[in-house]
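In: Need coordinates for the following:
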Amino acid sequence: MRFDHHTVVLLVRPPDAPELPEEATARLQDAHLAHQAGLVEQGHVIAAGPFLGADDERLRGFVVLSVDPTMARELYHNDPAVRAGRLAVQVMTWMVPEGNLRFEDVPVPRSMLEVAAGD
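Out: A predicted model of the protein is given here:
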C-alpha cells in the first residue's frame, strides 16, 4: 500500500502563554488569521482550522501544509500569535493511504469579523 505524506502543524497554547487584554487578544487573533490566509494564498497551507471541545484545551488548531516540516516550522515561527507566545507549534508528518484525502480551494477568513459574518 502507498501512503501520502502531509506536513501537519498542531497549534498549542503553551502553559506560560501571556495573558493579554481583550482588545490586544482580538488584534492578535486577527493578525494570526491574516498570516494563515497569506499562507493559503501562497499555496503553503492546504487546510486549517481550530479545535472545538477538545479533551485537552491546550490544543487550539490543526494545519495541513504542502511544504516540508522544516519550512512549516519557519512559516509558523513567523505567525504573530506564536511570536507573542500565545501559541506554540508542534510539527510532524502525517501518513494517510494514498488518495484518501482530497483538498479543495476554499476562501479562508482573514479576521474575526469575517468569521463572525459567517459567509
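In: Geometric centre of this structure: which residue is closest?
Out: Nearest residue to the geometric centre of the chain (Cα atoms, centre = their mean): Val63, 4.4 Å.
In: so is that residue in a helix, a strand, or just coil?
Out: With DSSP: H, G, I helix; E, B strand; the rest coil as the basis, Val63 sits in strand.
In: how deep is the closest residue to Val45 other than its chain neighbours tucked in, by neighbour count?
Out: Closest residue to Val45 apart from its sequence neighbours, by Cβ to Cβ, 6 or more residues apart in numbering: Leu39 at 4.3 Å. (Glycine included, C-beta is placed from N, CA and C.) The tally of other residues near Leu39 (other Cβ atoms under 10 Å) stands at 23.
In: So, low pLDDT: which residues of this structure?
Out: The chain contains residues with pLDDT under 70 at 119.
In: for it, what's the longest helix?
Out: The longest helix of the chain (DSSP state H) is helix 22-41.
In: okay, the angle between the helix or strand just after that one and helix 22-41?
Out: Following helix 22-41 in sequence order, the next helix or strand is strand 45-50 (DSSP states H and E). Strand 45-50 runs at 160 degrees relative to helix 22-41, counting by axes from the mean of the first three to the mean of the last three Cα atoms, to 10 degrees.
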